[in-house]
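Peer 1: heads up, no residue letters with this:
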């Protein structure tokens with residue numbers, strides 16, 4: 001079996017996290033159950049919070065679009081939705097520079113897979 005690449009592991013992690021977030025079953029903003037998407041609070045480009053379930057919201061396509069169209073409104077809503085303490089902890093996590101090793105990515109995938117299976 002071929003050893004997974006960093007890119008393939010990132011893709012698999014993205015898919016797994018998206019499935020877990022969408023499994024919440026409804027938009028966290030408007031409560032719609034249609035067209036659910038995983039929305040990052042802090043950008044996916046920062047790997048330290050990219051797969052952190054605390055950094056992801058389940059939003060319908062309309063609310064996700066509006067989050068990007070109105071980032072100031074969205075940031076204020078997130079602060080209220082999460083609460084100031086959780087938001088500040090997430091923000092601190094987000095600011096840490098982190099480059100995961102292949103082993104780190106494999107471990108994260110294993111943990112997320114176990115979460116999805118309900119272990």
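Peer 2: Yep, that arrived. This structure is a prediction, so every number in the text was calculated from the model and none was measured.

Peer 1: now do the helices in the chain.
Peer 2: Applying DSSP state H to the chain gives helices spanning 6-22, 47-50, 61-69, 71-82, 84-94, 102-117.

Peer 1: and the fourth one, what other elements does it pack with?
Peer 2: Taking 3 or more CB pairs under 8 Å, 6 or more residues apart in numbering; DSSP states H and E as the contact definition, the neighbouring helices and strands of helix 71-82 are helix 61-69, helix 84-94. No exception for glycine: its C-beta is placed from N, CA and C like everyone else's.

Peer 1: and the shortest one, by the same measure?
Peer 2: Secondary-structure packing of helix 47-50 (3+ CB pairs under 8 Å, 6+ apart): helix 6-22, helix 84-94.

Peer 1: which residues sit against the first one?
Peer 2: Contacts of helix 6-22 with the rest of the structure, by CB atoms under 8 Å, 6 or more residues apart in numbering, involve 4, 36-38, 44, 50-51, 53, 56-58, 102, 105-106, 108-109, 112-113, 115-116.

Peer 1: what does the shortest one give?
Peer 2: Contact partners of helix 84-94, identified using CB under 8 Å, 6+ apart, comprise 41-42, 46, 48-49, 52, 54-55, 78-79, 82.

Peer 1: just the buried residues of it, please?
Peer 2: 87, 90, 93-94 (16 or more other CB atoms under 10 Å).

Peer 1: next: stretch 6-17.
Peer 2: For stretch 6-17, a neighbour-count test (16+ other CB under 10 Å) marks 9-10, 12-13, 16-17 as buried.

Peer 1: what sits against the residue nearest to residue 23 when sequence neighbours are not counted?
Peer 2: Spatial nearest neighbour of residue 23, chain neighbours left out: residue 116 (7.8 Å); criterion: CB to CB, 6 or more residues apart in numbering. Contact analysis of residue 116 by CB under 8 Å, 6+ apart lists 16, 19-20, 23.
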